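Asker: Could you work out the structure for the sequence below:
(chains A and B)
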Amino acid sequence: MNRIQNFKNGLIKDNPVFSLFLGICSTLAITTSVNNAIGMGVSVIIVLTVSNVLISMIRKITPDEIRIPVYIVIIATLVTIIQMLIQAFAPALNESLGVFIPLIVVNCIILGRAESFASKNNIFDSALDGIGMGLGYTLAVLAMSLIREILSTGGILITNPFNTAQVLLDLTLFPEDFTISLFGSPVGAFITFACLASLVGAYKVHLEAKENAKEK
Amino acid sequence: MSELVTLLVTSVLINNVILNQFLGMCPFMGVSKKKSSALGMGVAVVFVIVVAAIVTYGLYYLVLVPLGLEFMELITFILVIASLVQLTEMFIKKYSPSLYKSLGVYLPLITTNCVVLNVCLVNITNTYDFSHMLVYSVGTPLGFALVLYIFSTIRERLELSNVPKAFRGNGIALICAAIMSMAFSGLAGIV
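Answerer: Residues are numbered from 1 along each chain as shown, chains lettered A, B, ... in the order given. Now for the predicted structure:
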């Protein structure tokens, strides 16, 4: 029960992006299209889960003073592997995500979870935490990219990352004359993020008020 | 020469790391509540980036390329950055305890500042020569420090204003960042 609760918290209430404000650099930068968001989300889930498992495995033999460098080396190795795989099998995705794949190394979510969760809990719980937090991140980038892509291009275009010629979903919601190109630019990223984060904030205020009422 | 000046202006103002490339958002949100800490963070970041960029650039072309180990760049760079930050910390602690105190926890956090790693990686992917590399590595953190300082002055004013409950804290700060980003995008015409 507790485990499921932990898992659910990562999705909305303690969402790493909107509520803990971790890993916002990549969230703002890669959410111009749903395609990129899915690719980034999946990469983060994989790196986060595997790094959580590995760090949890060696938590008893890692000396406390040098734990951060140890974590960073593990994460950097995993990211290098992911980067090579993406370069080999999904070159289009590699092009559009660009420098943000290597920058997963310094994504605060991963180091943060390693430090605050995986270094203290067993392997199974750490894996679950990695998947939960990774899904929370993916949910956040998906929500951002849906809003931004629809408003800036008038529809959604999802292609197969392994073969860009194959279009999986091509949806047009309104004609091009009514699009707001601002949402494709950095300004739109900040505005979308501010509104979504405030929405989650409002939800948390609402939850707290409900709990307070219950106590009375 | 004029090319270098263009690169400098571009990296400081037009392609600003924070407002245009969204790098270094964590310190941008975390350290911008007070003017003094924003200034200290800015100076520390400029120093770390310039040194890290020179060291990683040398390491890449003098060690990794001759050995055919280019794929190790990520691991090497992050280790260089982490140890450099540690070194800076020890140095400042020894020679200027007052500065060390005022920077506090933000000094070790520079390791996970994505601007540092980004500058090192971009120097390699864009195949800059030494002078371009130097200009880019000075310009980018200068842009970071500039925006961080301006943002902190705005946030000090925000503390006193009446903001809707849900937007309090980071929400309204992000709206301000959006407006700043809009203002900075107007500078794109000067080059």
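Asker: Looking at chain A, which strand is longest?
Answerer: For chain A, the longest strand by residue count, based on DSSP state E, is strand A:163-172.
Asker: what's the helix or strand for residue 79?
Answerer: Picked chain A for this. helix A:67-89 (DSSP states H and E).
Asker: please go with chain B instead
Answerer: helix B:73-95.
Asker: and what of A:L22?
Answerer: With DSSP H and E as the test, A:L22 turns up in no helix or strand.
Asker: Isn't it up against A:D14?
Answerer: No. Counting by C-beta atoms under 8 Å, A:L22 does not reach A:D14; the two are 10.3 Å apart. Yep, even glycine has a C-beta here, placed from its N, CA and C like the rest.
Asker: neighbour-wise, which of these two wins?
Answerer: Ranked by neighbour count (other C-beta atoms under 10 Å in any protein chain shown), A:L22 and A:D14 place A:L22 first, with 22 against 17.
Asker: Tell me the spacing between that one and B:I92.
Answerer: Remark: distance between A:L22 and B:I92 (C-beta to C-beta, to the nearest Å) = 27 Å.
Asker: Show me which residues of chain A sit near chain B.
Answerer: Within chain A, the residues that sit near chain B (C-beta under 8 Å from any C-beta of the partner chain) are A:21-22, A:24-26, A:28-29, A:68-69, A:72-73, A:76-77, A:79-80, A:83-84, A:99, A:102-103, A:105-108, A:111, A:185-187, A:189-191, A:193-194, A:197-199, A:201-202, A:205.
Asker: Which among the residues you listed count as buried?
Answerer: A:21-22, A:24-26, A:28-29, A:68, A:72, A:76-77, A:79-80, A:83, A:99, A:102-103, A:105-108, A:111, A:185-187, A:189-191, A:193-194, A:197-198, A:201 (16 or more other C-beta atoms under 10 Å in any protein chain shown).
Asker: if you look at those, which of them are in helices?
Answerer: A:24-26, A:28-29, A:68, A:72, A:76-77, A:79-80, A:83, A:108, A:111, A:186-187, A:189-191, A:193-194, A:197-198, A:201 (DSSP state H).
Asker: Lowest-scoring secondary structure element of chain B by mean pLDDT?
Answerer: Least confident helix or strand of chain B, by mean pLDDT, DSSP states H and E, is helix B:106-109 with a mean of 72.
Asker: quick one: buried residues of the helix or strand following that one?
Answerer: Using DSSP H and E, the next helix or strand after helix B:106-109 towards the C-terminus is helix B:114-125. By 16+ other C-beta under 10 Å, the buried positions in helix B:114-125 come out as B:C114, B:V115, B:V116, B:L117, B:N118, B:V119, B:C120, B:L121, B:V122, B:N123, B:I124.
Asker: So which residues make contact with helix B:114-125?
Answerer: A:25, A:99, A:102-103, A:105-107, B:17, B:21, B:23-24, B:45, B:48-49, B:52-53, B:56-57, B:60, B:73-74, B:77-78, B:80-81, B:110, B:133, B:136-137, B:140-141, B:144 (C-beta atoms under 8 Å, 6 or more residues apart in numbering or on different chains).
Asker: Next, the angle from it to helix B:73-95.
Answerer: 130 degrees (axes from the mean of the first three to the mean of the last three C-alpha atoms, to 10 degrees).
Asker: can I get the CA coordinates of helix B:114-125 in PDB?
Answerer: The C-alpha trace of helix B:114-125 is given here as PDB (Å, rounded to 0.1, in the frame of the first residue of the first chain):
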ATOM      1  CA  CYS B 114      24.200  22.300 -16.800                       C
ATOM      2  CA  VAL B 115      25.700  25.500 -18.200                       C
ATOM      3  CA  VAL B 116      29.200  24.300 -17.400                       C
ATOM      4  CA  LEU B 117      28.800  20.900 -19.100                       C
ATOM      5  CA  ASN B 118      27.000  22.500 -22.000                       C
ATOM      6  CA  VAL B 119      29.800  25.100 -22.700                       C
ATOM      7  CA  CYS B 120      32.400  22.300 -22.600                       C
ATOM      8  CA  LEU B 121      30.400  20.100 -25.000                       C
ATOM      9  CA  VAL B 122      29.500  22.900 -27.400                       C
ATOM     10  CA  ASN B 123      33.100  23.900 -27.700                       C
ATOM     11  CA  ILE B 124      33.800  20.500 -29.000                       C
ATOM     12  CA  THR B 125      30.700  19.900 -31.200                       C
END
